[in-house]
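# Need coordinates for the following:
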Amino acid sequence: MARRSTPLLRRLLSPSPTPSPSPSAPLAGAVSRRSVTYMPRPGDGAPRGVTLIPGDGIGPLVTGAVRQVMEAMHAPVYFETYEVRGDMPTVPAEVIDSIRRNKVCLKGGLATPVGGGVSSLNVQLRKELDLYASLVNCFNLPGLPTRHDNVDIVVIRENTEGEYSGLEHEVVPGVVESLKVITKFCSERIAKYAFEYAYLNNRKKVTAVHKANIMKLADGLFLESCREVAKKYPGIQYNEIIVDNCCMQLVSKPEQFDVMVTPNLYGNLVANVAAGIAGGAGVMPGGNVGQDHAVFEQGASAGNVGNEKVVQQKKANPVALLLSSAMMLRHLQFPSFADRLETAVKRVIAEGKYRTKDLGGTSTTQEVTDAVIAKLD
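Below you'll find the predicted structure:
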């Protein structure tokens, strides 16, 4: 069925020819609009509840920026806010209940103790809600100089198993065993999500990242699953790359990659490398999705809670979470609001007047937020 519908889908998605604008036409600041309108179902405009977790460090600053922008454009969402800190032993039951009820969550970063201490609440959330797919979109923003152009990479990462299974124990004093779990079910599930994402978003290629030359059974099973799924999508190019070569290729020729599908640990590494290439952790959106629930957050985990100096100076970059909020609005089927938010953010970046320190500027979080609000149509 996918093959039969592809030509029709391409005709519908291809732009209709329009007459060339005259030299005197006012092109500056023009906003592209859909030639075919979005037709909502009755009741789609009802406000939707969203669970909000401000989190640690810069989290309250950047989630506060999102709330201001949502209010300014009268987005049909309302927030149920819960205070969760990374040093809590577990995610409170009322927070899980809220996410199950609302189906959608927006969160700031949650700090995870290094070495000892409590287990990661981020991992707890993913497992409790079966958020099996992590998606990070790493792309060039017009006006933001980077070492590479034409970067538009989507990293899709398996989110529930692998090295993050948390199965560790001390065999004898001084010897620790950590288990990496790979299953056919989870591997096929993430591969299907990656190819489905590529098909629905008119992407041309899916690259599986692995280390099957060494971990022949575990990563071999992951590759086998990806190959089986790839056969069902003949219109999408499929290739494979060893993770160490992948990192080298990312920093030398990132434009060769389109959609990347990875096991858990590799995906975290690859997504952060790709984010650094495309402009930094402060501007890359992302989210985690399962069958029934979705949690949106800053795409790159590096620096998602910031540091004490940034918090005190209130100079955290809100762009990543604002763009993640645009992803959330599309997920909630509010595409016009998502377009307005994304366009406003891109205008501020392109103008270059208001940028936080990580982008070479001196602006505060509030100044960037006010600039985005001013650019809303």
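# Low-confidence ranges, this protein, go.
1-34, 116-118 (pLDDT under 70).
# can you give me the strands in it?
In the chain, the strands defined using DSSP state E lie at 48-53, 77-81, 104-107, 133-139, 152-158, 168-172, 175-178, 205-210, 237-242, 259-262, 285-289, 294-298.
# Output the ones you listed in CSV; the columns should cover distance to residue 59 and mean neighbour count.
For the C-beta atoms, the positions are set from N, CA and C on the backbone; glycine is no exception. What follows is the strands of the chain, written out as CSV (distance: least, CB to CB, whole Å; neighbours: other CB atoms under 10 Å):
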stretch, distance to residue 59, mean neighbour count
strand 48-53, 8, 22
strand 77-81, 12, 17
strand 104-107, 7, 25
strand 133-139, 18, 24
strand 152-158, 21, 25
strand 168-172, 28, 9
strand 175-178, 29, 10
strand 205-210, 29, 24
strand 237-242, 34, 16
strand 259-262, 26, 27
strand 285-289, 15, 25
strand 294-298, 9, 27
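# For those, could you give me CSV that also reports distance to residue 324?
Formatted as CSV, those follow (distance: least, CB to CB, whole Å):
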stretch, distance to residue 324
strand 48-53, 12
strand 77-81, 13
strand 104-107, 7
strand 133-139, 9
strand 152-158, 14
strand 168-172, 31
strand 175-178, 31
strand 205-210, 23
strand 237-242, 27
strand 259-262, 18
strand 285-289, 4
strand 294-298, 4
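# so what's the nearest residue to residue 328 once chain neighbours are set aside up against?
Nearest residue to residue 328, sequence neighbours excluded (CB to CB, 6 or more residues apart in numbering): residue 296, at 4.4 Å. Contact analysis of residue 296 by CB atoms under 8 Å, 6 or more residues apart in numbering lists 104-107, 285-288, 324-325, 327-328, 331.
# How about residue 156?
If you count contacts by CB under 8 Å, 6+ apart, then residue 156 has 133-135, 190, 193-194, 197, 259-262, 267 around it.
# could the residues you listed go into CSV alongside distance to residue 46?
Listed next are the contacts of residue 156 as CSV, based on distance: CB to CB, whole Å:
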residue, distance to residue 46
133, 27
134, 29
135, 26
190, 32
193, 28
194, 32
197, 27
259, 33
260, 36
261, 35
262, 37
267, 35
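# ok so, going back, how close does the residue nearest to residue 328 get to residue 153?
Look at residue 296 and residue 153: by CB to CB, to the nearest Å, they are 18 Å apart.
# what's the answer for residue 133, then?
16 Å.
# again, but for residue 123
For residue 123, the distance to residue 153 - CB to CB - is 24 Å.
# quick one: contacts for the spatially most central residue of the chain?
The centroid of the chain falls nearest to residue 286 when counting by CA atoms, centre = their mean (1.3 Å). Residues in contact with residue 286, defined by CB under 8 Å, 6+ apart, are 134-137, 271, 296-300, 320, 324, 327.
# for these, which one is nearest residue 280?
residue 300 (7.9 Å; CB to CB).
# thought that closest one was touching residue 270?
No - the criterion here is CB atoms under 8 Å, and residue 300 misses it with residue 270 at 10.6 Å.
# anything in contact with each of those two?
Common neighbours of residue 300 and residue 270 are not found (criterion: CB under 8 Å, 6+ apart).
# how near is the nearest residue to residue 329 once chain neighbours are set aside to residue 324?
Distances taken as CB to CB, 6+ apart put residue 338 closest to residue 329, at 3.8 Å, once the chain neighbours are dropped. Plainly put, residue 338 is 11 Å away from residue 324 if you go by CB to CB.
# Repeat that for residue 224.
33 Å.
# quick one, what contacts residue 320?
Residues near residue 320 by CB under 8 Å, 6+ apart: 62, 281-286, 298-300.
# go again using 6 Å as the cut-off
282-285, 298 (CB atoms under 6 Å, 6 or more residues apart in numbering).
# which of those residues lies closest to residue 351?
Nearest to residue 351 among those, with distances taken as CB to CB, is residue 283, at 14.6 Å.
# I figured residue 141 hits residue 349, correct?
Yes - between residue 141 and residue 349 there is a contact under CB atoms under 6 Å: 4.8 Å.
# residue contacts, the residue nearest to residue 331 when sequence neighbours are not counted?
Distances taken as CB to CB, 6+ apart place residue 294 nearest to residue 331, at 5.7 Å, with adjacent residues excluded. Contacts here follow CB under 6 Å, 6+ apart; on that basis residue 294 touches 104, 287, 331.
# Next, format those as JSON lines and append distance to residue 164.
Shown next, in JSON lines, are those (distance: CB to CB, whole Å):
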{"residue": "104", "distance to residue 164": "23"}
{"residue": "287", "distance to residue 164": "17"}
{"residue": "331", "distance to residue 164": "24"}
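# tell me how far the ends of stretch 296-315 are from each other?
21 Å (CA to CA, to the nearest Å).
# now swap in stretch 327-337 and tell me
Start-to-end, stretch 327-337 (CA to CA) is 10 Å.
# Show me which residues of it are buried.
Within stretch 327-337, the residues scored as buried using 16 or more other CB atoms under 10 Å are 327-329, 331-332, 334, 336-337.
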